[in-house]
Every structure is written in structure tokens, then in C-alpha cells.
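[1] Curious how this folds, go ahead:
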Amino acid sequence: MMNRQPVNPWPWSLQVGYNQAEIIENTKRQLVCAGQTAVDGEGKPQHANDMRAQMSLTLDNLETVLASADMGLANITRLRIYATDVEEALKHFDLFANRFMPVNAAPPMTLLEVSRLAIPELIFEIEATAAD
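    Have a look, this model is predicted:
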């Protein structure tokens, strides 16, 4: 069984929902996810210019990928988040708390602002690494 030990030399990151680092031991499998975005089942962009809706659908899509590998949000060991507007994305980070807190997860994460994503209509993307 995977064992996670949070490493938080400062408490401030916990107030916004993530650990500074985690020691991960006893893993069997590692899942490296491609960037997930707000697209439908055919890969068509959804919710143009709506950061909250894109974030929510992106998290849905990430959970679908995880479930396809018999994993869930609690298995995520690292998140890389890309947004075309960090200030706007931060306004909606309650979406992360609403999904990660119930499974007692606070994976280390990085949030980066980028000038655009591969598909111009998309404004938010998540890369994840997971293990069990």
C-alpha cells in the first residue's frame, strides 16, 4: 500500500490546499497523465472564455483518466497547472478544495501562467502524476 508523508516546513501552502512536498513510499504503479483540458469526448473545446467551467470540466476529465487506470484524486502525487490568466484561475480554486479535501489529498502542485495553450479556445490545463 502506498504511503504518503507530507513535508511542510511552512504552513502557508496548506491554507491554499497543497503540500510543499510528499515522501511517497511503497508504490506499485505510476501513472503519468497528458495535459487534461476542457474538451468533450470527441476532443472539442468547451466553455470558451469561462475559466470556472473549464476548470471544472478539466477536473472531470482528469478524474475520468484516473478512473480508467483504477485510480482517483487521492492517488495524485504531483500536479502541474497551466492557465492563461492565473488571477482568474485562483478565483476558482475552491473547485480543487471541493474535490481534493473529501479524499484527504493535497498533492504538491505548480501553477503557471502561459500566453496560450495548444488549442486557442482553451485557457486551463492540468498535468498529473499518480501512483498506487
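[2] tally of neighbours for Leu122?
    21 (other Cβ atoms under 10 Å). Bear in mind the C-beta positions are built from the backbone N, C-alpha and C, glycine included.
[3] Oh, that last question was meant for Trp12, not what I typed.
    Considering only other Cβ under 10 Å, Trp12 is surrounded by 8 other residues.
[4] Would you quantify the distance from it to Lys44?
    Separation of Trp12 from Lys44 (Cβ to Cβ, to the nearest Å): 39 Å.
[5] same thing with Asn98?
    Using Cβ to Cβ, one gets 26 Å for the distance from Asn98 to Lys44.
[6] Quick one: the strands in this structure, in order.
    With DSSP state E as the criterion, the chain has strands at 3-7, 21-25, 30-32, 76-83, 109-113, 124-131.
[7] Work out the sheet partners of the fifth one and label each with its direction, please.
    Under the criterion DSSP bridges, strand 109-113 sits next to strand 76-83 (parallel) in its sheet.
[8] what sits up against the helix-or-strand element of the chain with minimal mean pLDDT?
    Lowest by mean pLDDT, DSSP states H and E among the helices and strands of the chain is helix 12-15, with a mean of 87. Residues from elsewhere that reach helix 12-15 (Cβ atoms under 8 Å, 6 or more residues apart in numbering): 8, 19-20, 106.
[9] thinking again about what came up before, any chance of the strands of the chain in CSV, with mean pLDDT and distance to Pro102 too?
    Putting the strands of the chain into CSV (pLDDT from 0 to 100; distance: least, Cβ to Cβ, whole Å) gives the following:
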stretch, mean pLDDT, distance to Pro102
strand 3-7, 93, 16
strand 21-25, 94, 18
strand 30-32, 96, 21
strand 76-83, 98, 14
strand 109-113, 97, 17
strand 124-131, 98, 17
